[in-house]
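Undergrad: next comes the sequence, and after it the predicted model I'd like to discuss.
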Amino acid sequence: MTTRITNAFAPLLRVAARAMPYLPLGLLAGLGAVLAYLWKYPCRFGGAWNGGVGQFTNFCYTDIYPLFWAEKLNEGKVPYVDYPVEYPVGIGGIMEFARRLASGDGVVFYDVTVILMGIALVAGVLLTAALAGPARRWDALWYAVGPAVILCAYINWDLAAGALALGGLLAWARNRPWLAGVLLALAVATKFYPLMFFGALFLLTVRTAKWVPFLKTVAGAAAAWLLVNVPIMLVNFEGWEKFYAFSSERGADWGGLWFFFQKTQWFGMERPGFLALLGDAEKLNTMAMVALAVLLLGVAVLALAAPRRPRLMQLCFLALAAFMITNKVWSPQYVLWLVPFAVLARPRWGALAAWQVAECWYFFSIWLYLVSQYPDHAGEGIGDDPYFLSVWARALTIVILMALVVRDILRPEHDVVRQREADDPSGGVFDHAEDRLVLRRSLLARGVRQEPETA
């Protein structure tokens, strides 16, 4: 009898034994979620949301609360079906779920959303730890209780996309390509940025010729994306396409480097007249896409020409950072996109700490800058110069992080993850895979073949 009971509980005991090392990180992530909620205290409990600049001077602004009215959720409107929503369908689904529980109360809507995002944060931290592997599990602490994470956690719905994207990449790391594709597609259907990770997978597939897992991932992603998007498209196409139209028509906005070039006089210097074209949304879209394409081309050359195949998380980080730097808008909560990938790409705390300081600086600067846009409160805020200093500080620290990751790729002995004969712990089929195509070798071989024979 004892043997039967023991055998029955053996699977549960094995799961518990595997989960136990992650319990402290899960608890710390829960603490981070609670601290992020308490940070919004002046707005959530003090009414600063409804008091003009109070939500900015108390640094507790969120999109979630005002969008309850702006998206007509307070009237019982169903996203996309009854009213077009400026977000992808994943966020629309979260909105609808929270709306049904809120019963017309905006504060309850916010609280329900926070609970969901808090769960997503805990899940994201545990997934980051799993991707980091046993030796570097505690690097996920940056995502659990990082200062910028606590400040920005509940500005928008970004944490949901992060959990889905990290889940997809963990599925890839565990050699489950169909599940990886489904989760990554759901992430893209929630926020657009996880699309960059397919590029990283593609580049490493080209280098290693591991085409079957990649194609399965793409097929799973295409099926999942269509499954969640097509029904909404069929019910109300105009409501569905609002996000894509809004993204295309949007001009340079807060936080983006394009906004600096469009608005400021360059810290006292005259701005070149030709940059006035940044006010044209279509031309700005073209410039932003060209800039992104140039950076991604550089990432591609690096991935295919590096003497040793880059790790998947290094390429994910570089592609995502390129997307953020060239984006038309760079909201403070976008830091949530990058934290887990920065940690997984280069888990050295010095550069990460400098970047987090810059992100926190920007967080406080943007709200004070918005205060200055109110004529009656201009003296309580900051002007263009201090605000754009914080914009550039954030951008430059990320560029430095990118440069350090590039150095680690070109000189793998500097990569702390690749120690003790480790290769790519979160790379799945790429881990210890043989190189099938190296751009530098291909060019060299071509050059040798084309070299004229001598007598």
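TA: Received it, and whenever you're ready, just let me know what you need. Numbers count the residues shown, from 1 in each chain.

Undergrad: spit out the contact partners of Ser103.
TA: Under the criterion of Cβ atoms under 8 Å, 6 or more residues apart in numbering, Ser103 has no contact partners. In short, each C-beta sits where N, CA and C put it, glycine included.

Undergrad: swap the cut-off to 10 Å and go again
TA: Each residue near Ser103 by Cβ atoms under 10 Å, 6 or more residues apart in numbering is listed here: Gly76, Phe109.

Undergrad: likewise Glu75?
TA: For Glu75, counting by Cβ under 10 Å, 6+ apart, the contacting residues are Trp69, Asp82, Tyr83, Arg99, Gly104.

Undergrad: where does pLDDT dip in this protein?
TA: 1-17, 264-281, 440-455 (pLDDT under 70).

Undergrad: got the contacts of Glu75 as TSV, with neighbour count and secondary structure columns?
TA: As requested, the contacts of Glu75 are exported to TSV (neighbours: other Cβ atoms under 10 Å; DSSP: H, G, I helix; E, B strand; the rest coil):
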residue	neighbour count	secondary structure
Trp69	12	helix
Asp82	14	coil
Tyr83	17	strand
Arg99	24	helix
Gly104	12	coil
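
Undergrad: from those residues, pick the one nearest Phe56.
TA: Trp69 (18.4 Å; Cβ to Cβ).

Undergrad: wait, that closest one sits on Gly106?
TA: Yes - Trp69 lies in contact with Gly106 (Cβ atoms under 10 Å); the separation is 6.8 Å.

Undergrad: related to what we said a few turns ago, dump the contacts of Glu75 to CSV, plus distance to Trp392.
TA: Output for those, formatted as CSV (distance: Cβ to Cβ, whole Å):
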residue, distance to Trp392
Trp69, 35
Asp82, 42
Tyr83, 38
Arg99, 39
Gly104, 43
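
Undergrad: nearest to Thr113 among those?
TA: Nearest to Thr113 among those, with distances taken as Cβ to Cβ, is Arg99, at 9.8 Å.

Undergrad: count of neighbours near the nearest residue to the closest one once chain neighbours are set aside?
TA: By the measure of Cβ to Cβ, 6 or more residues apart in numbering, the closest residue to Arg99 outside its immediate chain neighbours is Leu73, 4.6 Å from it. Neighbourhood size, Leu73 [other Cβ atoms under 10 Å]: 24.

Undergrad: swap in Gly379?
TA: Counted with other Cβ under 10 Å, Gly379 comes out at 7.

Undergrad: same check on Pro307?
TA: 12.

Undergrad: can you check Ser247 too?
TA: 15.

Undergrad: likewise Gly76?
TA: Count around Gly76 with other Cβ under 10 Å applied: 11.

Undergrad: Phe363 too?
TA: Phe363 has 20 nearby residues by other Cβ under 10 Å.

Undergrad: surely it meets Ala153?
TA: No - using Cβ under 10 Å, Phe363 is not in contact with Ala153; the gap is 11.4 Å.

Undergrad: could you name every residue contacting both of these two?
TA: Joint contacts of Phe363 and Ala153 (Cβ under 10 Å, 6+ apart) are Gln333, Val335.

Undergrad: in the strand or helix carrying Tyr110, which residues are buried?
TA: Using DSSP states H and E, Tyr110 maps to helix 106-132. Buried residues in helix 106-132, counted by 16 or more other Cβ atoms under 10 Å: 106, 109-114, 116-132.

Undergrad: how much space between Ala165 and Trp69?
TA: Ala165 sits 30 Å away from Trp69, taking Cβ to Cβ, to the nearest Å as the criterion.

Undergrad: next one: Leu127
TA: Where Trp69 is concerned, Leu127 sits at a distance of 34 Å (Cβ to Cβ).

Undergrad: repeat that for Pro347.
TA: Distance from Pro347 to Trp69, by Cβ to Cβ: 42 Å.

Undergrad: for Ala342, same thing?
TA: Distance from Ala342 to Trp69, by Cβ to Cβ: 35 Å.

Undergrad: wait, Ala222 touches Ala189, no?
TA: No - using Cβ under 10 Å, Ala222 is not in contact with Ala189, being 11.7 Å away.

Undergrad: of those two, give the one with the bigger neighbour count.
TA: The residue with more neighbours, out of Ala222 and Ala189, is Ala189; 25 against 12, by other Cβ under 10 Å.

Undergrad: nearest spatial neighbour of that one, chain-adjacent residues omitted?
TA: Gly90 (4.5 Å).

Undergrad: just checking, what packs against the strand or helix carrying that neighbour?
TA: Per DSSP H and E: Gly90 is located in helix 89-102. Applying 3 or more Cβ pairs under 10 Å, 6 or more residues apart in numbering; DSSP states H and E, one finds that helix 89-102 contacts helix 64-70, helix 106-132, helix 158-173, helix 177-188, helix 211-235, helix 237-249.

Undergrad: can you do 7 Å?
TA: Counting by 3 or more Cβ pairs under 7 Å, 6 or more residues apart in numbering; DSSP states H and E, the packing neighbours recorded for helix 89-102 are helix 106-132, helix 158-173, helix 211-235.

Undergrad: quick one on the thing from earlier: pull the residues that contact the next helix or strand after the helix holding Tyr110.
TA: Following helix 106-132 in sequence order, the next helix or strand is helix 141-145 (DSSP H and E). Contacts to helix 141-145, defined as Cβ atoms under 7 Å, 6 or more residues apart in numbering, come from residues 25, 28-29, 31-32, 124-125, 128, 149, 339-340, 343, 352.

Undergrad: got a PyMOL select line for the buried ones in the residues you listed?
TA: A single PyMOL command selects the buried members of these (16+ other Cβ under 10 Å):
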select buried, resi 25+28+29+32+124+125+128+149+339+340+343+352
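
Undergrad: and the furthest pair within the contacts of helix 141-145?
TA: Maximum distance among these (Cβ to Cβ): 19.5 Å, for Leu31 and Leu352.

Undergrad: contact partners for Leu336?
TA: Val149, Cys152, Ala153, Asp158, Leu159, Gly162.

Undergrad: at 10 Å instead, please
TA: 117, 120-121, 124, 143, 146, 148-149, 152-153, 155-156, 158-159, 161-162, 191 are the contacts of Leu336 under Cβ under 10 Å, 6+ apart.
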